[in-house]
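Novice: Pasted the sequence and its predicted model underneath.
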Amino acid sequence: MWSVGECYSKVKKDCFKFISSQETKKDKFKNKDKMIKSFLIPISYWISKKTKKNPLIIGLAGGQGSGKTTISSLLTLILQKYFKLKVFKISIDDFYKTRKERLNLSKKVHPMLMTRGVPGTHDVQMMLNFFKKAKSKNFKKIELPNFNKAVDDRFPKKNWYKIKEKPDVIIFEGWCVGAKAEENKTLKKSINSLEKVNDQKLIWRQYVNQQLKTKYKKLYSQLNCMIYLKAKNFSLLQKWRLKQEHKLWLKTKKSSSHKIMSKGDVINFMQTYQRITENMFKKMPKYASIILNLNSNHQIKSAVYKTK
């Protein structure tokens with residue numbers, strides 16, 4: 001028989017070690033013991049009870065800077081350390097098309113598609129192939145891309161992820177994981193200055209929405225359940241994304257090849273995410289399995305489990 005206290009005593013050291021690796025001198029995690037005990041351990045138990053599917057594929061979504069990587073990494077640690085499950089965690093970001101592919105797309109469809117992030121800038125077929133191979137009864141080693149955001153392109157193949165054993169659980173995280181398309185009529189009104197100036201003919205937003213209606217709908221149908229990190233508003237996400245970029249700068253400032261964004265770059269970059277993010281604010285609570293409500297201080301305030 002499991003208990004939160006027993007689980008916490010076994011995972012605390014590893015969880016705190018990971019959290020420490022994500023902190024900076026000016027940006028420390030608060031109430032981390034409460035986050036682990038009250039939210040992440042119960043969610044891990046909930047996941048462990050659903051692992052009859054082989055593997056269980058969990059979508060984990062949230063806006064830019066909401067804490068997806070931290071939450072998914074801690075869930076992975078708890079599931080492996082205490083529940084003894086084989087877990088593989090990967091981000092939809094690792095499946096971004098290469099710079100060359102996005103350059104071609106930007107010339108063919110719309111210049112804004114050079115900017116990574118929105119549906120249409122990922123290799124969907126590669127993700128579908130991954131899920132298919134992971135579900136195969138005759139499992140063979142899988143190699144998956146690893147995207148380097150500092151240079152806005154994939155790492156060389158020698159640095160790709162290698163899955164040698166069939167996982168019990170796959171955590172598939174990303175800002176637009178599980179996103180649904182909008183109605184065409186809502187696309188007509190620009191949601192921000194970037195759309196108003198750079199997408200006057202609606203080509204970019206219509207293309208992205210069509211991707212959600214077709215390829216991404218097929219992709220997300222592979223998910224067995226969804227966890228959603230819900231921020232209070234979009235302006236908070238902008239603030240958190242700036243913090244995230246600063247951390248990336250601290251990690252890579254010694255490299256001459258890094259492409260870290262300025263504050264203005266981040267604000268423009270976030271505008272490409274705004275339409276889908278705000279649509280997810282409205283729609284995701286209706287169909288996500290678990291909603292984690294975040295407060296203004298970037299902490300989990302409450303968890304809502306969807307009952308069937």
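Specialist: Structure's in. What do you need? Residues are numbered from 1 along each chain as shown.
Novice: and Asp123, what does it touch?
Specialist: 95-97, 101, 145 (C-beta atoms under 8 Å, 6 or more residues apart in numbering). C-beta here means a position set from N, CA and C on the backbone, and glycine is covered the same way.
Novice: now Arg154
Specialist: Arg154 neighbours (C-beta under 8 Å, 6+ apart): 96, 98, 145-148.
Novice: Of those, which belong to strands?
Specialist: In strands, judged by DSSP state E, the following of the contacts of Arg154 are found: 147-148.
Novice: Look over the contacts of Arg154 and name the one with the lowest pLDDT score.
Specialist: Within these, Asn148 has the lowest pLDDT, namely 93.
Novice: Name whatever forms a beta bridge with it.
Specialist: Note on Asn148: beta-bridge partners Asp153, judged by DSSP bridges.
Novice: how near is it to Lys263?
Specialist: Using C-beta to C-beta, to the nearest Å, Asn148 is found at 22 Å from Lys263.
Novice: What of Lys218?
Specialist: Here Lys218 is placed at a distance of 37 Å from Lys263 (C-beta to C-beta).
Novice: Next: Ser91.
Specialist: 24 Å.
Novice: So what's the residue count around Lys215?
Specialist: Using other C-beta atoms under 10 Å, the number of residues around Lys215 comes to 17.
Novice: what residues are up against it?
Specialist: Residues in contact with Lys215 (C-beta under 8 Å, 6+ apart) are 119, 124.
Novice: Mind doing that once more with 6 Å?
Specialist: Residues near Lys215 by C-beta atoms under 6 Å, 6 or more residues apart in numbering: Val124.
Novice: Make sure His293 is indeed in a strand.
Specialist: One correction, residue 293 is Asn, not His. Yes: in this structure, Asn293 lies within a strand as judged by DSSP: H, G, I helix; E, B strand; the rest coil.
Novice: which residues does it form a beta bridge with?
Specialist: For Asn293, the beta-bridge partners are Lys230, Ser302 (DSSP bridges).
Novice: Am I right that it is in contact with Ala303?
Specialist: No: here Asn293 does not reach Ala303: they are 7.6 Å apart, not a contact under C-beta atoms under 6 Å.
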